[in-house]
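**Q** model this:
(one chain, ligands or ions: 2)
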Amino acid sequence: MIKAPYIYYDEQNLMMENLKVEDIVRETGTPAYLYSKGSFLNQLGQLKEAFGQSKVLFCYSMKVCHNRNIAKVFVDEGCGVDIVSGGELYRALKAGADPKKIVYSGVAKTVKEIREAIEAGILMFNVESEQELLRINEIATAMDKTVSIALRINPGVDAKTHPYITTGMKENKFGIDCEMGIDIFQKAMKMKHIQVSGIDLHIGSQLLDVTPYGEAMQIAAEYVRTLRAMDISIRYVDVGGGIGIPYTEDKSSPDLKKYAELITGPFKDMPDITFILEPGRFLTAQAGILVTEVQYIKDNSYGKRFVIIDSGMHHLIRPCLYQAYHNILPVTKKGKAEREVDIVGPICESTDFFAKNRMIEEVAQGDLLAVTDAGAYGIVMGSHYNSHSLPMEILVDRDSYKIIRRKETYEDIA
Ligand SMILES: Cc1ncc(COP(=O)(O)O)c(C=O)c1O
Ligand SMILES: N[C@@H](CCCC[NH3+])C(=O)O
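**A** Residues are numbered from 1 along each chain as shown. Ligands and ions are numbered 1, 2, ... in the order given. From the prediction side, this is the model:
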């Protein structure tokens with residue numbers, strides 16, 4: 001494994017691992033997502049270290065970056081996979097995931113998806129409603145299989161993150177509220193083809209301050225005690241994902257040691273519990289950059305300058321959807337003075353921007369820019385809007401790179 005940093009400048013050249021980013025994309029073309037394998041492994045290593053000897057199964061939340069080559073990096077390190085659809089199940093199995101390490105979340109699992117997951121023999125369904133439980137039981141009965149489930153409870157905890165990405169509050173569609181959950185657990189216990197195995201919760205995404213996990217895990221531990229007192233056996237506590245990354249320099253990485261303590265601490269009296277973690281963003285966001293080429297520079301008479309690029313909201317929707325900040329770097333520094341610009345894409349929407357009023361080194365037509373921290377919720381939230389193709393994806397490993405998703409042709413998207 002090579003040492004951090006994985007994305008850095010060597011004099012004027014932006015590097016990923018041992019390669020110049022410019023050399024890669026001049027061969028492959030733009031727009032392109034580039035990912036550093038070393039960074040993936042380093043982030044996973046940090047999480048593993050924080051949890052030390054605790055019984056934890058890390059399930060890569062593949063919704064953040066579902067390329068099967070990337071899932072395979074984590075699978076090869078012993079991780080399971082957190083999936084939310086039949087499509088993700090397919091990708092996870094193609095990546096070589098052990099079905100016995102796959103957990104399946106999501107509020108709208110269809111009959112077909114449930115059947116496929118039972119056939120694959122996944123570890124556990126994270127059930128999000130009573131009707132879903134009934135449906136799983138019905139399908140399991142017809143298939144004559146016993147299916148392991150956890151109920152996703154909604155602990156009513158404010159994760160204090162962006163309002164669009166909290167999930168554990170009363171107004172969120174996820175999970176079952178704690179009070180109703182007890183009754184549903186009891187019903188599940190009576191179902192012949194259902195094996196009650198765990199509880200599940202996920203309070204939100206992009207948490208930099210881990211304290212809300214403390215409150216949530218106290219609630220979870222109390223809940224498990226109540227269930228056990230009713231002879232409802234709980235082996236797994238699935239904590240979901242949510243650990244964030246600093247997108248801006250004024251923020252710092254979450255305290256992983258504290259996170260691990262907040263998760264495991266309330267369960268000290270239950271050493272038989274296995275924790276399941278579903279990290280996503282923390283594992284992949286910082287490893288990814290989106291490289292784009294400047295197409296045009298346009299000034300208007302109000303003093304505004306637009307830098308128009310060959311990528312936009314159809315490739316990375318986070319700035320448009322959450323007003324999210326992503327750093328934007330020249331791929332090759334030219335030593336020019338900085339000036340204020342809007343960096344905008346080709347889409348016929350005024351929300352199609354990566355940055356507004358941003359100071360960056362002056363760029364010219366044909367220059368390359370790299371949007372950083374783009375490895376999570378990037379390409380997976382992309383679209384073919386305006387019939388543009390998605391960027392290619394490239395995995396960098398020390399001195400070499402591999403195209404893991406080729407450029408789409410018109411025929412692919414027509
Ligand atoms: C159930 C569940 N697990 C895991 C994740 C991954 O979250 P994150 O990328 O914040 O780690 C999400 C997304 O928020 C989720 O909804
Ligand atoms: N898509 C969001 C995170 C949503 C989490 C999914 N449960 C983001 O880009 O930050």
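
**Q** chain neighbours aside, what residue packs nearest to Pro266?
**A** Residue nearest to Pro266 in three dimensions, not counting chain neighbours: Ala221, with 3.6 Å by C-beta to C-beta, 6 or more residues apart in numbering. C-beta coordinates here come from the backbone N, C-alpha and C atoms, glycine included.

**Q** list the contacts for that neighbour?
**A** Counting by C-beta atoms under 8 Å, 6 or more residues apart in numbering, Ala221 touches 266-267, 270.

**Q** that one: which element?
**A** Secondary structure assigned from DSSP states H and E places Ala221 in helix 211-229.

**Q** any idea how far that helix is from the chain center?
**A** 25 Å (C-alpha atoms, centre = their mean, to the nearest Å).

**Q** each with direction, which strands does the helix or strand following it pair with?
**A** Downstream of helix 211-229, the first helix or strand assigned by DSSP H and E is strand 236-238. In the sheet, strand 236-238 lines up against strand 194-200 (parallel), strand 274-277 (parallel) (DSSP bridges).

**Q** residues in contact with strand 236-238?
**A** For strand 236-238, contacts defined as C-beta under 8 Å, 6+ apart pick out 103, 124, 126, 150, 197-202, 220, 224, 267, 273-278.

**Q** so which bits of the helix holding Ala221 are buried?
**A** Residues 212-217, 219-221, 223-224, 227 are the ones in helix 211-229 that count as buried (16 or more other C-beta atoms under 10 Å).

**Q** wait, what's in contact with Ile413?
**A** So Ile413 contacts 384, 387, 389 (C-beta under 8 Å, 6+ apart).

**Q** try it again at 6 Å.
**A** Residues near Ile413 by C-beta atoms under 6 Å, 6 or more residues apart in numbering: 384, 389.

**Q** tally of neighbours for the nearest residue to Tyr322 once chain neighbours are set aside?
**A** Of all residues not flanking Tyr322 in the chain, His162 sits nearest, at 5.4 Å (C-beta to C-beta, 6+ apart). Look at His162: counted by other C-beta atoms under 10 Å, it has 14 neighbours.

**Q** could you measure from His162 over to ligand 1?
**A** His162 is 11 Å from ligand 1, where distance means C-beta to the nearest ligand atom, to the nearest Å.

**Q** got it, and Tyr410?
**A** Separation of Tyr410 from ligand 1 (C-beta to the nearest ligand atom) stands at 33 Å.

**Q** same check, this time on Thr167
**A** The gap separating Thr167 from ligand 1 is 6 Å, by C-beta to the nearest ligand atom.

**Q** next: Met16.
**A** 22 Å.

**Q** and that residue, bridged to which residues?
**A** Residues in a beta bridge with Met16, per DSSP bridges, are Ile7, Leu19.

**Q** that one is in contact with Ile7, isn't it?
**A** Yes. With contacts counted by C-beta atoms under 6 Å, Met16 reaches Ile7, the gap being 5.5 Å.

**Q** between the two, which has more neighbouring residues?
**A** Neighbour totals were compared for Met16 and Ile7, and Met16 leads with 27 against 24 (other C-beta under 10 Å).

**Q** so this structure: which segments form each domain?
**A** Domain segmentation of the chain under automatic domain parsing yields 7-36+285-413, 66-279.

**Q** is ligand 2 contacted by the first one?
**A** Yes. With C-beta under 6 Å from any ligand atom as the criterion, ligand 2 is reached by domain 7-36+285-413 at 318, 377.

**Q** average pLDDT across that domain?
**A** Across domain 7-36+285-413, pLDDT averages out at 98.

**Q** close to ligand 1: what parts of the protein are there?
**A** By the rule C-beta under 6 Å from any ligand atom, the part of the chain lying against ligand 1 is 61, 64, 82, 105, 167, 202, 205, 240-243, 278-282, 376.

**Q** over to Tyr164. Which of the three states is it?
**A** For Tyr164, the assignment made with DSSP: H, G, I helix; E, B strand; the rest coil gives helix.

**Q** kindly provide the distance from it to Gln206.
**A** Distance, Tyr164 to Gln206, using C-beta to C-beta, to the nearest Å: 10 Å.

**Q** Lys334 now?
**A** To Gln206, Lys334 is 33 Å away according to C-beta to C-beta.

**Q** ok, the two, which is more surrounded?
**A** Each of Lys334 and Gln206 has its neighbours counted (other C-beta under 10 Å); Gln206 has more, 23 against 11.

**Q** once you drop chain neighbours, what's closest to the more buried one?
**A** Nearest one to Gln206, counting by C-beta to C-beta, 6+ apart, is Gly244 at 4.0 Å.

**Q** so what's that neighbour up against?
**A** If you count contacts by C-beta under 6 Å, 6+ apart, then Gly244 has 206-208 around it.
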